[in-house]
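Q: Predicted model, plus sequence, below.
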Amino acid sequence: MQWGCASTPEGEPVHGKDEVVSFLAAKDGRKVVVAAEKYHYVFDGDPSVAALLRWSGRTKVTPSLNGELKVARNNSFEGSYTLVAFDADLTPEDRTFLIQTGFAKTDMKYGDRTGPALRYFGTVYGTRYAAAPLKPADTLDFSRSFLIRYVEQETATGPAAQPAPSPLIYDDGGKLLVGGVPMFIVQGGTDYRCRARFMDICFYK
C-alpha cells in the first residue's frame, strides 16, 4: 500500500488532529493505547518498547512521533517514532541496557540540547477505534494541549469506514482492560524541560 497526499481517482486525503487524553499500556508492554478525544489508537509494543516500559529508567528516554499517522480506509494506521536518551542523563548501566535494547550511538540536537546520545527508530502499526469515556483516574493532566496528527484517505463516494468501538473496557471491579489484559497509565519519559513526556507530549504527572 502506498501513502501520499496527492489527490487520486478515489478521493483526496484528509488531514486531521486529535487531542490526547491518556497513554496506557499493558504491564508487559505488549499492548499500548494512545487515548484521544475522538479516537483510541491501539497498537502492539515491539520488543524494545516492551523492555523500556518495564525498565525503571524509562523516564530518561524521550519519545517523539514523526509526522502524521497514516490511516487507511479500514482504520488501520501506520506511524514512525524516535526514542532519544542523552549520554549526560545515563549511567554506564543505562547505556549498556539501551544499546542491548537496540539503541545506537549518535550526536544530535534535541530542543536546546546538543551532544552525544543514544537513539532508536521504530514503526507502529495498529488500529484506530472510536473513543469511549475514561474515568478521571485513567486520564493524564497535561501542561498544555497536545495533538496526534493524522492523514486519512476518503473514497470518491463517501468517507472511510466508521471505526469500531474502543476495546478499552472496564471490568466489574473498575479495572481498565484491553482484550482482558489490565492496562495502566504510563507516565512516559522525561527530558530537561518537563516531568514526563510521550511523543512530544509533556505531562504534569
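A: On my side now, so go ahead.
Q: The top strand by length along the chain - contacts with which helices or strands?
A: For the chain, the longest strand by residue count, based on DSSP state E, is strand 113-130. Packing partners of strand 113-130 (3 or more Cβ pairs under 8 Å, 6 or more residues apart in numbering; DSSP states H and E): strand 39-44, helix 47-54, strand 76-86, helix 92-101, strand 104-110. No exception for glycine: its C-beta is placed from N, CA and C like everyone else's.
Q: could the ones you listed be laid out in CSV, adding mean pLDDT and distance to residue 119?
A: Shown next, in CSV, are the helices and strands packed on strand 113-130 (pLDDT from 0 to 100; distance: least, Cβ to Cβ, whole Å):
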stretch, mean pLDDT, distance to residue 119
strand 39-44, 94, 21
helix 47-54, 80, 12
strand 76-86, 92, 5
helix 92-101, 95, 9
strand 104-110, 88, 5
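Q: can you put those in a markdown table and add distance to residue 67 and mean neighbour count?
A: Output for the helices and strands packed on strand 113-130, formatted as a markdown table (distance: least, Cβ to Cβ, whole Å; neighbours: other Cβ atoms under 10 Å):
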| stretch | distance to residue 67 | mean neighbour count |
| --- | --- | --- |
| strand 39-44 | 15 | 22 |
| helix 47-54 | 19 | 18 |
| strand 76-86 | 7 | 19 |
| helix 92-101 | 24 | 14 |
| strand 104-110 | 16 | 12 |
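Q: one step back: which helix or strand lies directly C-terminal to the longest strand of the chain?
A: strand 147-153 (DSSP states H and E).
Q: Using PDB, write out every CA atom in that next one.
A: The C-alpha coordinates for strand 147-153 follow below in PDB (Å, rounded to 0.1, in the frame of the first residue of the first chain):
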ATOM      1  CA  LEU A 147      -2.300  16.500  19.400                       C
ATOM      2  CA  ILE A 148      -2.000  13.400  17.300                       C
ATOM      3  CA  ARG A 149      -1.900  14.500  13.700                       C
ATOM      4  CA  TYR A 150      -3.200  12.000  11.000                       C
ATOM      5  CA  VAL A 151      -3.900  11.800   7.300                       C
ATOM      6  CA  GLU A 152      -6.700   9.500   6.000                       C
ATOM      7  CA  GLN A 153      -7.800   8.700   2.500                       C
END
